[in-house]
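Peer 1: next come a sequence and a model predicted from it.
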Amino acid sequence: MPQRFPKHFRLVPLTVFAILLIAFTACTEVAADPLGATPLTEATTPASAALQPKATAIATTAVPTTTPTPEPNDAPAVEGVTPGPGDTVEPAADTLPLLLTEAWSDVWLCADEDVAVEDLTVNTTLNCSVGVEVQGDTLVINASGIPNHDFESTLGCCAAEIDNRWVIPLDPQPDSDGELTMAPERGPVAFTVSGVAIYGPEEGPGGDAVALEHGLFEEDRQPIDLGVCGGHAGPGGQYHYHFDANCIHWHSDGDEEITDYEPSDLIANGEAELIGFAFDGYPIYGTYEQDVDGTIVEVTSSYRLIEGANGYGGIDDYEYVDGLGDLDTCNGHIGSTPQAPDGIYHYHSTLTNGNGDLGFPYFLLCYYGEIDDASIPVVNAGPLGGGRFPGGGPPPPRPR
Ligand SMILES: [Zn+2]
Ligand SMILES: [Zn+2]
């Protein structure tokens, strides 16, 4: 179960924040990358299992509407408008749940047809496949877990087509119960519009996989290597990103290979690219977006390594500094996006912080929105332990 703590936590000044952080605990470590480790018991469906039938379009038959289509005689009285016999009163477009509105309906990749891509580590071909359907008040995404671009499994070889199943609310809502849910420390914290898992910063040994990738420390517990675009394969063949993932919107100019990709290539696209969704239903955008003047800027995180730390200790090696970068403690902010011109809370893939150093937590560390614990996938041996803010220590008492 995710660990919870009072929402006002992220609003208190840094000094108070830092004191309170000491009160947090490290939770049970569950998932581990497979390298050199005893194989983990997989609670997820075996990689060889058949994929769920793929929806070619979002099924809308189950779309909940707040106002059922009335019979002519039941039509509500609207000032100045008297519905005549045979008139039907259509639900207003703004009564549609957010993710069923037009702007959000065609954001999925590999949904119209499978996309064949190559695992460059072993030169095999696999298919990116995404099916989206409405179930009650949730959107369910069934995906093969293979990215829409050539990729590298690296040491966790090899990625396999699996049954990723992601569930998010159709109408994401800000947290309202005074408790903020931490993202799991290990395993999926979110997923991409191509159906691929997004993991938190830490790997099995407990270090920050991204700091390791940048050579900030020596990993003497278990070898880890991230491939192109910040991803690699893990337990059960689950390909996942630890950072970046901007390349899902990258296109070769014809001669370029995915290994030629640079995140800054995406600046040329001119607007924020939707990368995926957190389990609270709020979107995750790429590293670049337009500022209020229309200039493309890099969005930065507000965490930094504590003095003397190098990432070997994972999340505990970082501290939040209000105002250091652009984003809050969860790694998001409210602003205009291509899908929500009037503004929406959204997370970002952050490559750097406000100082130009590592962009920890790279995607997100907690959930801004209401979240159903059932939305957080069960992987490997069991439910992932609740996440934590940097600092460790015992959890604070729950508010009564
Ligand atoms: Zn990993
Ligand atoms: Zn933004």
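Peer 2: Sure thing, it's come through. Residues are numbered from 1 along each chain as shown. Ligands and ions are numbered 1, 2, ... in the order given.
Peer 1: next, residue 253: phi, psi?
Peer 2: phi -80, psi 10 (degrees, to the nearest 10).
Peer 1: could you measure from it over to residue 288?
Peer 2: 19 Å (CB to CB, to the nearest Å). Bear in mind the C-beta positions are built from the backbone N, C-alpha and C, glycine included.
Peer 1: can you pull the contacts of the residue nearest to residue 283 when sequence neighbours are not counted?
Peer 2: In space, and not counting its chain neighbours, residue 283 is closest to residue 346: 4.8 Å by CB to CB, 6 or more residues apart in numbering. Counting by CB atoms under 8 Å, 6 or more residues apart in numbering, residue 346 touches 282-285, 332-335, 337, 340.
Peer 1: distance between the ends of stretch 152-165?
Peer 2: One end of stretch 152-165 to the other measures 22 Å (CA to CA, to the nearest Å).
Peer 1: if you count what's nearby, which of residue 253 and residue 288 comes out ahead?
Peer 2: Neighbour count, other CB atoms under 10 Å: between residue 253 and residue 288, residue 288 has more, with 23 against 7.
Peer 1: for that one, name its beta-bridge partners.
Peer 2: Listed beta-bridge partners, residue 288: residue 298 (assigned using DSSP bridges).
Peer 1: same question for residue 133.
Peer 2: Bridge pairing for residue 133 - DSSP bridges - gives residue 140.
Peer 1: so how far is residue 168 from it?
Peer 2: For residue 133, the distance to residue 168 equals 12 Å [CB to CB].
Peer 1: overlap of the contact sets of these two?
Peer 2: Contacts common to residue 133 and residue 168, judged by CB under 8 Å, 6+ apart, are residue 139.
Peer 1: near ligand 2, which residues of the stretch 301-400 of the chain?
Peer 2: residue 335 (CB under 5 Å from the ion).
Peer 1: from residue 255, how far out is the residue of the stretch 301-400 of the chain at minimum distance from ligand 2?
Peer 2: Ligand 2 sits closest to residue 335 of the stretch 301-400 of the chain, with a gap of 4.5 Å, by CB to the ion. Distance, residue 335 to residue 255, using CB to CB: 36 Å.
Peer 1: and if you look at residue 221?
Peer 2: 40 Å.
Peer 1: ok, now residue 160?
Peer 2: Computed as CB to CB, the residue 160 to residue 255 distance reads 30 Å.
Peer 1: also residue 135?
Peer 2: Between residue 135 and residue 255 the distance is 44 Å, computed by CB to CB.
Peer 1: neighbour-wise, which of those two wins?
Peer 2: residue 135 (11 against 6).
Peer 1: check what pLDDT the more buried one gets.
Peer 2: pLDDT recorded at residue 135 is 95.
Peer 1: what of the one 5 residues further on?
Peer 2: For residue 140, the pLDDT comes out at 96.
Peer 1: for the helix or strand hosting residue 180, which strands pair with it and how are they oriented?
Peer 2: For residue 180, the host element (DSSP states H and E) is strand 179-182. With DSSP bridges as the test, strand 179-182 is paired with strand 4-6 (antiparallel), strand 366-367 (antiparallel).
Peer 1: by mean pLDDT, show me the worst of the ones you listed.
Peer 2: Per-stretch mean pLDDT for the strands paired with strand 179-182 is lowest at strand 4-6 (a mean of 38).
Peer 1: residue 133 and residue 168: which is more packed in?
Peer 2: Remark: of residue 133 and residue 168, residue 168 carries more neighbours, 25 against 19, as counted by other CB under 10 Å.
Peer 1: wasn't the more buried one part of a helix?
Peer 2: No - according to DSSP: H, G, I helix; E, B strand; the rest coil, the state of residue 168 is strand, so it is not within a helix.
Peer 1: that one touches residue 284, doesn't it?
Peer 2: No - taking CB atoms under 8 Å as the definition, residue 168 is not a contact partner of residue 284, at 11.4 Å.
Peer 1: and the helices in this protein?
Peer 2: Ranges of helices within the chain are 14-21, 102-105, 209-213, based on DSSP state H.
Peer 1: buried sites along the second one?
Peer 2: When neighbours are counted by 16 or more other CB atoms under 10 Å, the buried residues of helix 102-105 are found to be residue 104.
Peer 1: from the chain's centre, how far out does it sit?
Peer 2: 18 Å (CA atoms, centre = their mean, to the nearest Å).
Peer 1: filter the contacts of residue 346 down to the buried ones.
Peer 2: Buried by 16+ other CB under 10 Å: 282-285, 332-333, 335, 337, 340, out of the contacts of residue 346.
Peer 1: so how many other residues sit close to residue 314?
Peer 2: Taking other CB under 10 Å as the criterion, the count of residues near residue 314 is 25.
Peer 1: fine by me, we can end here.
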